[in-house]
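**Student:** Sequence first, then the predicted structure:
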Amino acid sequence: MSANLFEQSKEIGILRSLGVTTSQTYRLYFYEALILVFSGALLGTSIGTFLSFTMTLQYSSFVGMPTAFYFPIWHLLLIFLTSLLCALLSTFAPARSILQRPVAATLRS
């Protein structure tokens, strides 16, 4: 995320010259990181759930005994809370270092 922010430093400079406040810029890039992290967590959880469900079905057909499928809700909550924290930490420091520069220096880099 920090590489993405440093790559978009000209866009940040343009936003600042248009009058977007620093808190709005922080929120904008935090929301972008949040969408990226949440979509990755959701996609990974979906694929993992599908694969574990098919493996559970395969195991129960081989053994011949019924097995129950368990979905760990608390782990899912922990994944999303951790991804929220990672999105916050990955955007705050790079955005702060870019936003402390003068607007002209931001547009040149």
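**Tutor:** Everything's here; your move.
**Student:** rest of the way, CA atoms for contacts and neighbours
**Tutor:** Will do.
**Student:** Spatially central residue for this protein, please.
**Tutor:** residue 37 (1.7 Å; CA atoms, centre = their mean).
**Student:** Not counting residues beside it along the chain, what's closest to that one?
**Tutor:** Leaving out its chain neighbours, the residue that sits closest to residue 37 by CA to CA, 6 or more residues apart in numbering is residue 83, at 6.0 Å.
**Student:** And the helices in the protein?
**Tutor:** 2-7, 9-17, 22-63, 73-99, 103-108 (DSSP state H).
**Student:** which one of those helices is the most hemmed in?
**Tutor:** Highest mean neighbour count of the helices of the chain: helix 9-17, a mean of 18 (counted as mean count of other CA atoms under 10 Å).
**Student:** give me the low-pLDDT residue ranges for this protein?
**Tutor:** Applying pLDDT under 70 to the chain flags the ranges 103-109.
**Student:** Which residue of it lies farthest from its centroid?
**Tutor:** residue 64 (41.3 Å).
**Student:** That one and residue 75: what is the separation?
**Tutor:** From residue 64 across to residue 75, the span is 29 Å (CA to CA, to the nearest Å).
**Student:** Please apply the same query to residue 22.
**Tutor:** From residue 22 to residue 75 the distance is 35 Å (CA to CA).
**Student:** Kindly report the same for residue 49.
**Tutor:** Residue 49 is 12 Å from residue 75, by CA to CA.
**Student:** Check residue 6 too.
**Tutor:** Taking CA to CA, one finds residue 6 at 33 Å from residue 75.
**Student:** and what of residue 44?
**Tutor:** 13 Å.
**Student:** what sits against the residue nearest to the centre of the chain?
**Tutor:** Residues in contact with residue 37 (CA atoms under 8 Å, 6 or more residues apart in numbering) are 83, 84, 87.
**Student:** one more time with 10 Å
**Tutor:** 31, 43, 80, 82, 83, 84, 86, 87 (CA atoms under 10 Å, 6 or more residues apart in numbering).
**Student:** Is the last one in contact with residue 1, as I believe?
**Tutor:** Put plainly, it is residue 87. Yes: Residue 87 is within contact range of residue 1, at 8.4 Å (criterion: CA atoms under 10 Å).
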